[in-house]
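Undergrad: Following is a predicted model, sequence given first.
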Amino acid sequence: MSALGIDVGTSGVRAAIVTQSGDVVGMAATSFAALGDDPFAPATWWRAVAATLKEIRANGDVSGVRAMAIDGTSGTMLAIDAAGAPVGPALMYDAPCEDDAIIARIAAEAPLGSAALGRSSALARVLTLQGRASVRRVLHQADWLAGRLSGRFDRTDENNALKTGYDPIVRRWPEWIAKAGADLTKLPVVLEPGAPIGRVNTAALELGLPATAIVHAGTTDGCASFLATGASDIGDAVTALGSTLVIKLLSDKPVFAPEFGIYSHRLGARWLVGGASNTGGKVIAHLFPSADLAALSAGVRPEEPTGLHYYPLSRPGERFPINDPHLQPRLSPRPVDERLFFQGVLEGIAEIEALAYRRLVQLGAPAPSSVRSTGGGASNEAWSRIRQQLLGAPFASTLSQEACVGTARLALGQAKGG
């Protein structure tokens, strides 16, 4: 038995087949650019999924696939008609709501800790989309694609629904979102991530998937990336060292602290808590030429801290572990020696990472028992040594950095009854 995971990202689609023993036996990818179409159009997402499944079928055996799931970009929404066809363009995860009245209605009704607050709110997109003519339902990106493969356009998962206003504590759409103007009849039923939706339909069969395969509820791309690493026990943590610094920690209880930029995704009986800082690789790229990074890294001496204690930001404003839109970067004093400055920046980002984990523990999350690292910065050995010294937790190996692998593991766990 195996499972198929499909990841729909900002630049394309990736898919993986994972066996019951955990081996990745198939991988394929299609970029939106290669299709030459609008990357924000649902039709492009579907074409990319179809092309990716065609490639993975051509290069491997899909006959053993018994479960499949899809992850998408958190907060990307679209409206559909009664037949499941998109009604107008989708609204992407980073598209701000320009309607002040909608933002005001949500702010008046939403509880303080809701992830649906703000101009980038997925709930604001629901209120924008639901009034289009012929709209039967408003879905998340992953929901619609799962519907194309199952025929069910009325299901979502608890992770995607979080930013749309879903309450993961009581596990339902709360009454306040209706007071804010949401038509609850146009929102999908919310399932636990990985829960079965239904058997594959004719469209899936035409793409070569076996008739015995079951489509399962998916998750967000961020949660899928965590699951891909192999982190699975309470206390397992994952730090993503990409353009931004993203912290996720598996907890036995939720933590919601918007004053620190902290939120929690439900994963069955457990919780994925964390947040995203504005520091990270983007700041490094802003401060240092990419051609110099290898030489600068070679000169880093983790056993000799600089004591500079920077707070590296490329511009004012921070989200987590300090939530302050006006927080100023701290990058002085600047040594004449560029190697020292570079090491100070790496130390500063590591200090923010350590503060983030301390903040989670202070608010009730477990102390990290292991840390896995993903993203481009994970390969910098000197930086890893600096981080280990500050975090005080053992570093564990990362099984995969591919979100599609995590989504396959999610479906596989449910298919095995795990």
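TA: Perfect, thanks for sending it. Only a predicted model underlies this, so the values are computations on that prediction, with no experimental measurement involved.
Undergrad: Okay, and the beta partners of D324?
TA: Note on D324: beta-bridge partners E318, judged by DSSP bridges.
Undergrad: Assess the claim that it and G317 are in contact.
TA: Yes: between D324 and G317 there is a contact under C-beta atoms under 8 Å: 7.3 Å. For the C-beta atoms, the positions are set from N, CA and C on the backbone; glycine is no exception.
Undergrad: Name all residues that sit in contact with those two at the same time.
TA: Common contacts of D324 and G317 (C-beta atoms under 8 Å, 6 or more residues apart in numbering): none found.
Undergrad: Check which helices and strands the lengthiest helix in the chain is in contact with.
TA: Assignment by DSSP state H gives helix 338-362 as the longest helix of the chain. Helix 338-362 is packed against strand 236-241, strand 245-251, strand 270-277, helix 281-287, helix 293-298, helix 381-391, with contacts defined by 3 or more C-beta pairs under 8 Å, 6 or more residues apart in numbering; DSSP states H and E.
Undergrad: swap the cut-off to 10 Å and go again
TA: Where contact means 3 or more C-beta pairs under 10 Å, 6 or more residues apart in numbering; DSSP states H and E, helix 338-362 is packed against strand 236-241, strand 245-251, strand 270-277, helix 281-287, helix 293-298, strand 370-374, helix 381-391.
Undergrad: Stretch 223-240: end-to-end distance?
TA: End-to-end distance of stretch 223-240 (C-alpha to C-alpha, to the nearest Å): 12 Å.
Undergrad: what mean pLDDT does it have?
TA: Model confidence over stretch 223-240, given as mean pLDDT, is 96.
Undergrad: do the same with stretch 80-89
TA: Averaging pLDDT along stretch 80-89 gives 97.
Undergrad: which residues sit against that stretch?
TA: Stretch 80-89 has contacts (C-beta atoms under 10 Å, 6 or more residues apart in numbering) with 38, 40-43, 45-46, 78-79, 95, 129, 132-139, 143-144, 147-148, 151-154, 186.
Undergrad: ok, back up a step: tabulate the helices and strands packed on helix 338-362 in a markdown table, adding columns for distance to A124.
TA: Formatted as a markdown table, the helices and strands packed on helix 338-362 follow (distance: least, C-beta to C-beta, whole Å):
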| stretch | distance to A124 |
| --- | --- |
| strand 236-241 | 26 |
| strand 245-251 | 23 |
| strand 270-277 | 19 |
| helix 281-287 | 26 |
| helix 293-298 | 39 |
| strand 370-374 | 30 |
| helix 381-391 | 36 |
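Undergrad: Narrow the contacts of stretch 80-89 to those in strands?
TA: Secondary structure assignment by DSSP state E places L78, A79, R137, V138, L139 of the contacts of stretch 80-89 in strands.
Undergrad: Grab the two from these that are most spread out in space.
TA: Farthest apart among the ones in strands among the contacts of stretch 80-89 by C-beta to C-beta are L78 and R137. That separation is 9.5 Å.
Undergrad: and for the two, which residues touch both?
TA: Contact criterion C-beta under 10 Å, 6+ apart; residues bridging L78 and R137 by contacting each: V87, L129, D143, W144.
Undergrad: List the ones among the residues you listed that fall in helices.
TA: Using DSSP H, L129, D143, W144 are the members of the shared contacts of L78 and R137 that sit in helices.
Undergrad: All the helices of the stretch 51-200 of the chain, in order from the start?
TA: In the stretch 51-200 of the chain, the helices defined using DSSP state H, counting those that start in this stretch lie at 100-109, 122-129, 141-150, 158-161, 175-179.
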